[in-house]
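Enquirer: model this:
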Amino acid sequence: MRAFKHSFVVNSPIDRVWEFYTDIKHLEIITPVEIELKITSATSQKLIQGSEFWLEGKLMISKRKWHSVIKSIRPYQYLDEMLTGPLRKWRHLHKFHDIHINEDQKQTEVIDEVDFELPYSLVGRLFEGYVCKRLEKFFDYRKAATIKSLEDDT
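Expert: Predicted coordinates for the structure are as follows:
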């Protein structure tokens, strides 16, 4: 499996960031528009242990479907895992850390740790570097969209 990590800081209290990220609709807000992400079904609007969701979006040149589950969740951390989809494996750990600047200014560090495995064994491994570069762009977009969503209306 290949590991990818991304983090950033948002000028918003951790409880507000947590509320945003544990609402399934956040996926449509922070996913790049060109992916055309649609949540086709979800067992709950709010992420809880065992929540399942089905997504559809454009990856590379064609539409793909995937099905994920929240494997674990506790305050300020949750893990989603792909059950079926275009990759052999996908595990995404979301972590949120409280940063106290002072009483008037609170920030949250958003940390994403992804472990993935491409299909096609050896041939798939040849494309891992390319996928990491694409993930970097994808998560940079997520950073900008999160900041816009949580900082613009505070």
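Enquirer: does Ile14 really touch Lys95, like I thought?
Expert: No: applying Cβ atoms under 8 Å as the test, Ile14 and Lys95 come out as separate, 10.9 Å apart. Placement of C-beta: from N, CA and C, glycine included.
Enquirer: out of these two, which sits in the more crowded spot?
Expert: Ile14 (20 against 14; other Cβ atoms under 10 Å).
Enquirer: may I see the buried residues of the helix or strand where Ile29 lies?
Expert: Here Ile29 sits within helix 26-30, counting by DSSP states H and E. Neighbour counts over helix 26-30 (16 or more other Cβ atoms under 10 Å) mark 26-27, 30 as buried.
Enquirer: not counting sequence-adjacent ones, nearest residue to Ile70?
Expert: Closest residue in space to Ile70, ignoring its immediate chain neighbours: Ser51 at 4.4 Å, by Cβ to Cβ, 6 or more residues apart in numbering.
Enquirer: what pLDDT does the one you found get?
Expert: On the pLDDT scale, Ser51 is placed at 97.
Enquirer: how about it, what does it touch?
Expert: 24, 42-44, 69-70 (Cβ atoms under 8 Å, 6 or more residues apart in numbering).
Enquirer: how about a cut-off of 6 Å?
Expert: Ser51 makes contact with 43-44, 70, according to Cβ atoms under 6 Å, 6 or more residues apart in numbering.
Enquirer: next one: Leu47
Expert: Counting by Cβ under 6 Å, 6+ apart, Leu47 has contacts 22, 70.
Enquirer: repeat that for Arg64.
Expert: Counting by Cβ under 6 Å, 6+ apart, Arg64 makes contact with Pro86.
Enquirer: same deal with Leu93?
Expert: 79, 113.
Enquirer: so how far is Asp115 from it?
Expert: 8 Å (Cβ to Cβ, to the nearest Å).
Enquirer: which strands and helices lie in contact with the host helix or strand of Tyr78?
Expert: Taking DSSP H and E as the criterion, Tyr78 maps to strand 77-84. Applying 3 or more Cβ pairs under 6 Å, 6 or more residues apart in numbering; DSSP states H and E, we find strand 77-84 packed against strand 62-74, strand 89-100.
Enquirer: as a markdown table, those with distance to Lys143 and mean pLDDT would be great.
Expert: Shown next, in a markdown table, are these (distance: least, Cβ to Cβ, whole Å; pLDDT from 0 to 100):
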| stretch | distance to Lys143 | mean pLDDT |
| --- | --- | --- |
| strand 62-74 | 21 | 94 |
| strand 89-100 | 13 | 94 |
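Enquirer: many thanks, I have nothing further to ask.
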